[in-house]
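Asks: no sequence for this one, just the structure:
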């Protein structure tokens, strides 16, 4: 079968700092996906969902991207047990508009057990990055709730896998960055919750000790997250706002459907409005918003608390034509307080403040995937506008601090970590590499996977 | 409470599926026809979960004249005379092969003109008797001027547009309305072989949203995305000496 794959010049990932030329395919049926894989020739391939990975893990320069958005059918929902079977191109937004909020037997409603900070990701993407949310301490990561997968491999064809069947391949695929084959379908267990309204409490904290105190006090709250003012130095270092949320009993049976984004950034402005001065003003505003009491209680629909940035379509364009980098790390509990302080000091000293600095603790839940990012400890996520070598040098410094502390960096957010940094953070990576599909690759994998072996040896020598 | 009833011929097409989802969310009762039963089953399962009040499927080859009567009987059993019918089938084919192949030309004209025209005749009679309903047909901007790159397909679609114009004229005094949807190139499996990309290639979801709006606003002809109305106005107006020097 002859399939002509159109070429696109600069497909970008979410941070917009990485772009690459690709051939595209958009199968709309599982059989068409198999035809595409058979017709790939000698090109390497990679599945592509909504492109919410920030760096280069969703890009495959010179290769073939198989867009999965046409494979987005909900196949079955068992309302008794809350088990959903769907094609992997479904988005979490699709699930929110359909099965989330359906009544569960014995009271309450079905809800996504884990959700990242945006609903505009595909099911396949959520699995391939083993994403986590603000409730990691209570629910673990996304992969923990995946019961089975249907995978299309270049060497073995269609494979069904789960914990009991092809278990090693299943664990490699969860958090496997799309490298173990094309995820076609998945079954997911939803969580039963009392309703879809949350009681949200925002609390100001003055330093990192204050943050950790609030974490301890909030063990009973399923959702916790903090914003940190990363321009603050000296005594103000580590100040921020801690938000925690819990379900209200007897919320509405059926949620208000989340509105389509009302604001939109259609074009990247030539000069980014996000700079040191607007950032300082923004941070000061946020800091004062809670008033003299430093505390505010609200009732919010679930999706408003989880997806604040989904209200602005294309917010990533605000960083201007050069785009931005995210840097997200997790460091283990023992070293976390000191390490986070060192990271914040380094950023404050560099003068390259991050607009969004998000601090969370992750729980002890066992990682479901060989390359799962979440582990017990504290995670810090930062945005930095791309400013060339100064940005690169700062990010390298942050990497070193993280690795010295026994932490790791999040591949879904990354477009630049070294092979050494990846390998130090993910000691299972060789085991994983043996399970990767030989026809699949990505820019990320070329940089850190077996293809980088020689470079690593040369650098060590 | 259920929404409108909708019969879709060519239900496996990417645009049709997106339209069906919009109507499923309004609790529509659906009757879906496509050739491949496995694809139909997947599409139907999805539409059920997206809110359709009822779904019936019928696997048939729309080019087969013998399949017409049993198909319409199945439709009437499932949803009676529908509030809306959508014809969304067609093939682009490989024009470079078609222009030298009599059989391929016949097949293209059959799928893109003869089959939909015959089906419309059968459907229009039923809707006229019921005194209500809306007929929606996907044609193409390719039907507006014969071009070297796709004139066989274009001729069939242009003929279909003329057919719809006449049908609308004939039914003007009844309660039956006719909407001619003329999309530009849409990113679907049909256009995948063309090697297209870029801003002129529309997403099927956008085209479906335009169709839904045109239905609500009771339009007769829809260009989607909207700019194709103006592009085609220019292309139609080009004098032949200039037109012949362009590769379109």
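Replies: Everything's here; your move. None of the values given here were measured: they were computed from a predicted structure.

Asks: biggest helix in chain B by residues?
Replies: helix B:151-170 (DSSP state H).

Asks: list the buried residues in that helix.
Replies: Residues B:151-161, B:163-164, B:167-168 are the ones in helix B:151-170 that count as buried (16 or more other CB atoms under 10 Å in any protein chain shown). C-betas here are computed from N, CA, C, even on glycine.

Asks: stretch A:268-284 too?
Replies: Neighbour-count burial for stretch A:268-284 [16+ other CB under 10 Å]: A:268, A:272, A:274, A:279, A:283.

Asks: may I see the residues you listed arranged in TSV, with pLDDT, secondary structure and distance to chain B as well?
Replies: Formatted as TSV, the buried residues of stretch A:268-284 follow (pLDDT from 0 to 100; DSSP: H, G, I helix; E, B strand; the rest coil; distance: CB to the nearest CB, whole Å):
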residue	pLDDT	secondary structure	distance to chain B
A:268	78	coil	16
A:272	78	coil	24
A:274	76	coil	27
A:279	76	helix	33
A:283	77	helix	38
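
Asks: Serialize those residues to JSON lines and add fields for distance to residue B:245.
Replies: Supplementary listing: these in JSON lines, determined by distance: CB to CB, whole Å:
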{"residue": "A:268", "distance to residue B:245": "38"}
{"residue": "A:272", "distance to residue B:245": "45"}
{"residue": "A:274", "distance to residue B:245": "49"}
{"residue": "A:279", "distance to residue B:245": "55"}
{"residue": "A:283", "distance to residue B:245": "61"}
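
Asks: picking up where we left off before, which residues sit against the following helix or strand past the longest helix of chain B?
Replies: With elements assigned by DSSP states H and E, the helix or strand that comes after helix B:151-170 is strand B:176-183. For strand B:176-183, the surrounding residues in contact (CB atoms under 8 Å, 6 or more residues apart in numbering or on different chains) are B:15, B:124, B:127-128, B:131-141, B:143-144, B:161, B:164-165, B:167-168, B:171, B:202, B:207, B:211, B:214-215, B:218-224, B:228, B:232.

Asks: what's near enough to touch residue A:65?
Replies: A:11, A:22, A:23, A:24, A:25, A:45, A:46, A:47, A:48, A:59.

Asks: enumerate every residue touching the residue of the stretch 51-200 of chain A found nearest chain B.
Replies: Relative to chain B, the nearest point of the stretch 51-200 of chain A is residue A:73 (3.6 Å; CB to the nearest CB). Shown in contact with residue A:73 (CB under 8 Å, 6+ apart): A:86, A:87, A:90, B:42, B:43, B:45, B:46.

Asks: residue A:91 now?
Replies: Neighbours of residue A:91 in contact, by CB under 8 Å, 6+ apart: A:49, A:50, A:72, A:119, A:120, A:121, A:122, A:123.

Asks: farthest-apart pair in those residues, please.
Replies: A:72 and A:119 (13.8 Å; CB to CB).

Asks: anything in the helix or strand of chain B with the lowest mean pLDDT near chain A?
Replies: Every helix and strand of chain B was ranked by mean pLDDT, DSSP states H and E. The lowest is helix B:95-98, at a mean of 81. No - using CB under 8 Å from any CB of the partner chain, helix B:95-98 stays clear of chain A, coming no nearer than 11.8 Å.

Asks: tell me which residues of that helix come out buried.
Replies: For helix B:95-98, by 16+ other CB under 10 Å, it's B:95, B:98.

Asks: returning to that earlier point: which of the contacts of strand B:176-183 fall in strands?
Replies: B:133, B:134, B:135, B:136, B:137, B:138, B:221, B:222, B:223, B:224 (DSSP state E).

Asks: and which of these is nearest to chain A?
Replies: So of the ones in strands among the contacts of strand B:176-183, ranked by how close each gets to chain A (CB to the nearest CB), first place is residue B:138, at 16.1 Å.

Asks: who does that closest one form a beta bridge with?
Replies: For residue B:138, the beta-bridge partners are residue B:181 (DSSP bridges).

Asks: once you drop chain neighbours, what's closest to residue 208?
Replies: I'll assume chain A. Leaving out its chain neighbours, the residue that sits closest to residue A:208 by CB to CB, 6 or more residues apart in numbering or on different chains is residue A:238, at 3.8 Å.

Asks: should've been chain B
Replies: Using CB to CB, 6+ apart, the nearest residue to residue B:208 is residue B:18, at 3.4 Å.

Asks: counting by contacts, list what whatever helix or strand that neighbour lives in packs against.
Replies: Following DSSP H and E, one finds residue B:18 within helix B:14-24. Helix B:14-24 sits against strand B:5-9, strand B:29-34, helix B:37-49, strand B:84-87, helix B:204-216, with contacts defined as 3 or more CB pairs under 8 Å, 6 or more residues apart in numbering or on different chains; DSSP states H and E.

Asks: a markdown table please, covering those and showing mean pLDDT, distance to residue A:222 and mean neighbour count.
Replies: Listed next are the helices and strands packed on helix B:14-24 as a markdown table, based on pLDDT from 0 to 100; distance: least, CB to CB, whole Å; neighbours: other CB atoms under 10 Å in any protein chain shown:
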| stretch | mean pLDDT | distance to residue A:222 | mean neighbour count |
| --- | --- | --- | --- |
| strand B:5-9 | 98 | 41 | 26 |
| strand B:29-34 | 98 | 39 | 26 |
| helix B:37-49 | 97 | 27 | 19 |
| strand B:84-87 | 98 | 45 | 25 |
| helix B:204-216 | 93 | 34 | 18 |
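
Asks: pLDDT score for residue B:93?
Replies: With respect to pLDDT, residue B:93 scores 78.

Asks: what's the nearest residue to it if we skip its chain neighbours?
Replies: residue B:108 (5.1 Å).

Asks: surely that neighbour meets residue B:91?
Replies: Yes - here residue B:108 reaches residue B:91: they are 6.5 Å apart, a contact under CB atoms under 8 Å.

Asks: overlap of the contact sets of these two?
Replies: residue B:153.

Asks: what is the neighbour count of the nearest residue to residue A:309 once chain neighbours are set aside?
Replies: Closest residue in space to residue A:309, ignoring its immediate chain neighbours: residue A:315 at 5.6 Å, by CB to CB, 6+ apart. Neighbour count for residue A:315, taken as other CB atoms under 10 Å in any protein chain shown: 17.
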